[in-house]
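**Student:** the sequence and its predicted three-dimensional model are supplied below.
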Amino acid sequence: MDYFIKNIVSLLKEGTNLPENEIEKFIEIPPDFKMGDYAFPCYTLSKIFKKSPNIIAAELSNTLQIIINKHPPVSPIFKERYRGIAEIKAIGPYVNFFVDKVTFSELVLKTISEERDGYGNKTLGKEKTVVVDFSSPNIAKHLAVHHLRSALIGNAIRNIYKTLGYTCVGINHLGDWGTQFGQLIVAYKKWGSENAHKTYTVTDLNNLYVRFHQEAEKNPGLEDEARAWFKKLESGDFEAKDLWQHFKDISLKEFQKIYDMLGIHFDAFVGESFYNTMVEDTITRIKEKGLAKVSEQALIIDLEPYNMPPCLLRKKDDTTLYATRDIAAAEYRKKTYDFDKMIYVVGSEQKLHFNQFFKVLELMGYDWANNCVHVDFGLMKFKDGKMSTRKGKVVLLEDLLIEAVERIRKIIEGKNPSLENKETVARDVGIGAVIFADLCTKRNKDVVFDWDEVLNFEGETGPYIQYTHARLCSILRKYGKPVTADIQFALLKEDESILLIKNLVQFPSVIIKAAEFYEPSLICNYLIDVCGSLNRFYNAHRVLSDDEELTTARILLVDVTRQVIRNGLTILGMQAPEQM
RNA sequence: GCGCCCGUAGCUCAGCUGGAUAGAGCAACGGUUUCCUAAACCGUAGGUCAAAGGUUCAAAUCCUUUCGGGCGCACCA
C-alpha cells in the first residue's frame, strides 16, 4: 500500500542516501509473508560499496533501526514517517520490513468500507475520453463463439477505463458494408424466392452466404457479379439498398438478443455503412496530401518505405475497402468525441491491417495517430482447426449461452433446490461462467474451444468467484445487523485474515495495471486470489460467534471482501448473485 | 520466402518492465461437514520452464540462433 511504501522509502532514503524514486523501484514483496511484508534487495548497493549484499543487508538493517530509535516516539515526525513499520530484519541479501498489522488492517478496511462501490476507482482519467471499438461483427451471419472474445474483452476494457475515471465511448463498428453484401444479394437473387427476404431469419442469410462460397469455388464468375452488386449498392441503387436494409434489420434484431443475454451495451451502434458518405472527402484529403497513387488500376497508398504492403483505398471498380472506411471513421470519431485514446479490440490476425491503417493516419499528419491502439487477441478455434462461418464450422453463441444456463439450472436443482429466483441465478451464473472462462487467460493466446472446459464450474471459474460472493452475503444476512468499521483491528490477527487483507489492498493497483496492458485477465486472476484467501479464512475461522467483539471484527472483513469481489465482477461484466 | 504471436506439471494456464525454494486449477490418489452454502478447504503425487548459445553477481523472465505450433502478407472484412 502507498502509505507503507512511502514510509519505507523515506526511511531507506535516510539510510542509503539514494534518491527516493530509485529506492521505490527496488521495493518488492517477499515470496512468503513470513519473510516480511516488503523487501529491499541489496544487490545494487553491493556494487557501489564493493561488499557482499548479505553484509550490506545486515548493516543497513542496523542503520535503519538506529534511525528509527533516534526519533523519539512522541515526535510528530516519527509518527508521520515511520508509523506502521514494526520490524526490520535482514534475511540474506534482503532487508525485510514488517508492517504493523493493526495499522495496516485499519487503513485497508476503513478505506474499502468508506468507498464501497467506488473502491478501486481513480481519477487518473478525469476529463479524458477513451473510445473503445469492440465486438463489431459482420451482419448476415450468426454470432458464434469466436465473436465472444472481442465483445467480452472490449466490454471489460471499457469498464476498466471507466473505473479509472475516463469517459468511455463503446462503439460497435458493425460490418454492414462491403463486397460481402454483393455476394449476399447475388445469392439471394439466384437461390432465394421472390419477396422471401421479408420473412428471412439470420439462418436463411447464413445459408445463402455459405452457398455462395460453395458455388463460387466452382464458378469464379460469381465473385465478379458480387462486386458489381456492391458497386450498385455503394452508388445508391434502390433495389440493392432495399435488400441490404432488410438483411441488416434481421441481423440487428438477433444480435441485440445476444448482447442482452451477455449484458453488453454500446454507446454507439454505427456500422461501416455510416461512413460511406464520408469516404469521398477522406480520399480527397489523402490525395491532396499526395499520398495516393494508382497501381494496377487500384487507388493505393504506398507503404513500401515502411516495409508494409500498400493500403488499398479503391478497387479497380472504384468501390471502397474497409481500410478506407476505417480511416473515415477515425476522422469522424476524432471530430465527434475528441478522444485521448482510441482502442480497437480486434483479433490479432488483423495486426497488419491496423499497422497500415495507423501509419496512414500518421502520414495524413494526424498527431493523434499514436493514440490509436490495436488491442489484439488470439484466435478461437476447434481442436481440428479454424472456425469458419463459410464452412458452417461454428458453435453458435446463443446455443452456448443456453447450454451454460441449462447446466447451471441442473446443478442448482442438485445443490440448492429451495433457492429463490432460480431462473435469474442460473442465468447470471451460466453467463458468468462463459464470460469468466473467456477472460481469464491472457488475451493474446489462441484458445481451443472445448465445451467441457468452458462449462466447467469448479476451481478457477466464474461460478467459484460468484459462489464465494454468495457465501459472504449469506453470512451477512445471518448477522442481520449493520456493519461497522469501528472495531478492534487487533482481533484480525490470524494469518488467514492478514493474507486476505493483503489481497484486498491490491485491487486499485491491479486495475491500473489491467488498463496499462489492456488485460482483463489480470482482474480474473486477482479475483481468484482474493477468493482463495477468503475461502481459506472461511474454512479456518468462524465468523459468527458468541464473542461479540470478534464477530463485529470478522463481519467487517467479510463485508469488505464481498465488496471487492463485487466490484471486480462488475468490471468483468458479470453479475454478483447474493444467493446460489 | 518475409513479418508478428505462442511454446512452463498428463491437460488448461499464472509467473515474463531480471532477484529469495518455479505457482494455481482440472484430472489421479487420500482426507475434512453435530458448526456461517462441500460450487469449498487440506494433503500426496506430478517440472531438463521447447533446445542451444550469450549478457548478468543473478535468467522461466533480456539478446541471438534452431526446432515445433498459430496467424498474416493487393482489390474480403
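**Tutor:** Ah, there it is. Everything numeric here is computed off the predicted structure, so don't read it as measured data. Numbering: from 1, shown residues only, chains lettered A, B, ... in the order given.
**Student:** tally of neighbours for residue A:113?
**Tutor:** 17 (other Cβ atoms under 10 Å). All C-beta atoms are positioned from the backbone trio N, CA, C, and that covers glycine.
**Student:** shouldn't it be within a helix?
**Tutor:** Yes. Counting by DSSP: H, G, I helix; E, B strand; the rest coil, residue A:113 is part of a helix.
**Student:** contacts for stretch A:466-481, please.
**Tutor:** A:428-429, A:432, A:483, A:531, A:534-535, A:538, A:543-544, A:551, A:555, A:558-559, A:561-562, A:565-566, A:569, A:574-580 (Cβ atoms under 8 Å, 6 or more residues apart in numbering).
**Student:** of those residues, which ones also sit close to RNA strand B?
**Tutor:** A:429, A:531, A:535, A:538, A:543-544, A:578-580 (Cβ under 7 Å from any atom of the strand).
**Student:** among these, who's most crowded?
**Tutor:** Busiest of these [other Cβ under 10 Å] is residue A:429, holding 27 neighbours.
**Student:** name the helix or strand for that one, please.
**Tutor:** Residue A:429 belongs to helix A:422-439 when elements are defined using DSSP states H and E.
**Student:** list the buried residues of that helix.
**Tutor:** A:422, A:425-439 (16 or more other Cβ atoms under 10 Å).
**Student:** repeat that for stretch A:125-137.
**Tutor:** Buried, per 16+ other Cβ under 10 Å, within stretch A:125-137: A:125, A:129-137.
**Student:** dump it to PDB, restricted to CA.
**Tutor:** What follows is stretch A:125-137, C-alpha atoms only, in PDB (Å, rounded to 0.1, in the frame of the first residue of the first chain):
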ATOM      1  CA  GLY A 125      -8.700   9.600 -16.500                       C
ATOM      2  CA  LYS A 126     -10.600  12.700 -15.400                       C
ATOM      3  CA  GLU A 127     -11.500  14.900 -18.300                       C
ATOM      4  CA  LYS A 128     -10.200  12.300 -20.700                       C
ATOM      5  CA  THR A 129     -12.100  10.300 -23.300                       C
ATOM      6  CA  VAL A 130     -11.400   6.800 -24.500                       C
ATOM      7  CA  VAL A 131     -13.200   5.300 -27.500                       C
ATOM      8  CA  VAL A 132     -13.400   1.600 -27.400                       C
ATOM      9  CA  ASP A 133     -14.300  -0.100 -30.700                       C
ATOM     10  CA  PHE A 134     -15.300  -3.700 -29.900                       C
ATOM     11  CA  SER A 135     -17.400  -6.600 -30.900                       C
ATOM     12  CA  SER A 136     -18.100  -5.300 -34.400                       C
ATOM     13  CA  PRO A 137     -19.400  -8.400 -36.000                       C
END
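**Student:** surely residue A:420 forms part of a helix?
**Tutor:** No. Assignment of residue A:420 by three-state DSSP gives coil, placing it outside any helix.
**Student:** surely it meets residue A:578?
**Tutor:** No. If you go by Cβ atoms under 8 Å, residue A:420 and residue A:578 don't touch, sitting 10.1 Å apart.
**Student:** how about the contacts made by the residue in the stretch 51-200 of chain A positioned nearest to RNA strand B?
**Tutor:** Going by Cβ to the nearest atom of the strand, RNA strand B is nearest to residue A:178 of the stretch 51-200 of chain A, at 2.4 Å. Applying Cβ under 8 Å, 6+ apart to residue A:178 gives the contacts A:230, A:272, A:321-322.
**Student:** quick one, what contacts residue A:121?
**Tutor:** Contacts of residue A:121 by Cβ under 8 Å, 6+ apart are A:115, A:163-165.
**Student:** actually residue A:67, not the one I wrote
**Tutor:** Counted by Cβ under 8 Å, 6+ apart, residue A:67 has contacts A:11, A:14-15.
**Student:** which of the residues you listed fall in helices?
**Tutor:** A:11, A:14-15 (DSSP state H).
**Student:** please list only the buried members of the residues you listed.
**Tutor:** A:11, A:15.
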